[in-house]
Structure formats: structure tokens, C-alpha cells
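Asker: Sequence below, structure please.
(one chain, ligands or ions: 1)
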Amino acid sequence: MKNILYISSSARKYSETSSQHQSISRMLGEQFLTKFSSCIHEVEITHRDLSVKQPAFIDEAFIAAAFAKGVLSEEQRLVLAESDEIIKEVTNADIIVIASPMYNYGMPAVLKAWFDLAIRVNKTFSFDLARGDKPLEPILSGKTLVLLASWGEFAFKKGESQYHLNHLSSHIEQLAPYLGAETFYEIASEYQEFGDDRHKRSKQRAIDDVHKLAQILSAK
Ligand SMILES: Cc1cc2nc3c(=O)[nH]c(=O)nc-3n(C[C@H](O)[C@H](O)[C@H](O)COP(=O)(O)O)c2cc1C
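Answerer: Here you go, the predicted structure:
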């Protein structure tokens, strides 16, 4: 049995039947899940749609509760409840699939809010100054993180000329270990804002790559 946690975060929707102004990252997510499920039947998918159920922003009470020592008060337990639920989903997952648009060269606010609840001290990472200048260590391990992205411009992939402007992929890759992900894959559709042939080709290449990756990961 493979457990997939699917996180979608575009403000736009996607449905197979309509073709206008559809979320491309959601489309790639659907393609991945459909292909994966056709290759392996024993798969359980948990879908957390961050635009439908927006995660809370962390605040002072959250930080105090997350770092509290000893037995938590009822109030502190309540403050951490959403984070607990999210961490449980992350812990149960073998593969975490994040479908994300690029907004202002980074991730959407709802996705950052999700990460702030998902990555928590003594739950997904430990902090120990005895380790010297690198006190953080992941607690979870063995997972795979797949980022399925879409952006309007282009040349944002690793090794390309505008990669330094892409704070979406690099940020998520940097956070991956703190979700227990030891392997990171990224597939992106580019040129959405141009709506030309380059966009058409890029989108089709992304779909093909998503199918290939789903097949590879389902065989593992
Ligand atoms: C608020 C907003 C900000 C955006 N910022 C960028 C950006 O910084 N760079 C870029 O290449 N595209 C940007 N875009 C274009 C989106 O990344 C593009 O439309 C992408 O396809 C959105 O993902 P989706 O199709 O899954 O909704 C932005 C779009 C919106 C709505």
C-alpha cells in the first residue's frame, strides 16, 4: 500500500470538462494521481486543498505552544490541533505531491502557511545546540516529495538563466528534508502568460514527464 498526500494550492480551479483559465498545477496533480493509480491499485490518496481549507497563520500563541515543555494545557492543545492533523498526514505519507503555482516568484501564501504548520520542533525536526552550527535535524525520513509547478514566465529550472529568480522550487527543495523527504522531484509547465506554442509544448512536456514519473514511483 502506498500513501500519497496531495497538496493543491492554486487559487484557480481545474476540471477536465472546461478549458478556460484552468489551473495548470492542479491539472498536473490530477494527471499524476490518475497515472499512479492506474499503475498500482493499492494506493490511498489524502487530498488537502489549501484554497478550499486555508491553513491558519501561526501566531504568538502557536509558537508558545509548539515550544512548550511538559504537559500542554487544553488551550495549547487546541492551538496546535490543525498542525497536529497536518503532521499526521505528512507522517503517514510515502509520497507528498505538491501542486503549486508561482506567485510573485515564490509559493502561494496558503502553501507557506501549510509549511509553517507542517514543520514543527520535536515533531518533524529536532533542535540541539550540541550539534554546533547545524542544530536542526529532520525526524521523519524515507519519503519522496514531488513538486508539480506552473509559472507564467520561463527559464526558471535548475541550471537555466532565471533560476536565481525562482524562489518557489528552491524554497520547497530546501524544506523537503523537514517533511521527511529524502528525494525531491520537480516538473514545471512554463510560459503560461504567453499562451503561445512554447506554452503548449512546455505543458505537454510537463504532462509527459508527470506520467513517466508516476510510473517510476509506482514501481518502487
Ligand atoms: C498573483 C499572481 C502572481 C504571479 N506571479 C508570477 C511570477 O512571479 N512569475 C511568473 O512566472 N508567473 C507568475 N504568475 C503566473 C502564474 O504562475 C501562472 O498563471 C501559473 O500557471 C499559475 O498556476 P495555476 O495555473 O496552477 O493556477 C502569477 C500569477 C498570479 C495570479
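Asker: Show me where the protein has its strands.
Answerer: In chain order, the chain shows strands spanning 2-8, 43-49, 95-101, 125-127, 136-138, 143-150, 181-189, with DSSP state E as the criterion.
Asker: Need the winner for burial among those strands.
Answerer: Per-residue neighbour counts averaged over each of the strands of the chain give the maximum for strand 95-101, namely a mean of 26 (mean count of other CB atoms under 10 Å). Where C-beta positions appear, they are placed from N, C-alpha and C, glycine not excepted.
Asker: tell me the mean pLDDT over it?
Answerer: Computed over strand 95-101, the mean pLDDT rounds to 98.
Asker: give me the low-pLDDT residue ranges for this protein?
Answerer: Judged against pLDDT under 70, the low-scoring parts of the chain cover residues 19.
Asker: May I ask you to name the longest helix in it?
Answerer: With secondary structure taken from DSSP state H, the chain has its longest helix at helix 197-218.
Asker: how much space is there between the closest residue to residue 64 other than its chain neighbours and the ligand?
Answerer: In space, residue 64 comes closest to residue 76 once its chain neighbours are excluded; the distance is 7.5 Å by CB to CB, 6 or more residues apart in numbering. If you measure residue 76 against the ligand using CB to the nearest ligand atom, to the nearest Å, the figure is 35 Å.
Asker: can I assume residue 76 is in contact with residue 67?
Answerer: No - the pair residue 76 / residue 67 is not scored as a contact, 10.4 Å apart, by CB atoms under 8 Å.
Asker: So if I had to pick from these two, which one is more boxed in?
Answerer: More crowded of residue 76 and residue 67, by other CB atoms under 10 Å: residue 76, with 16 against 11.
Asker: Does stretch 13-24 reach the ligand?
Answerer: Yes - part of stretch 13-24 sits close enough to the ligand to count as contact by CB under 6 Å from any ligand atom, namely 23, 24.
Asker: Relative to the ligand, which of the strands of the chain is closest?
Answerer: Across the strands of the chain, the minimum distance to the ligand, taken as CB to the nearest ligand atom, is reached by strand 95-101, at 2.8 Å.
Asker: starting at the chain centroid, how far to that closest one?
Answerer: 4 Å (CA atoms, centre = their mean, to the nearest Å).
Asker: Cheers, nothing more for now.
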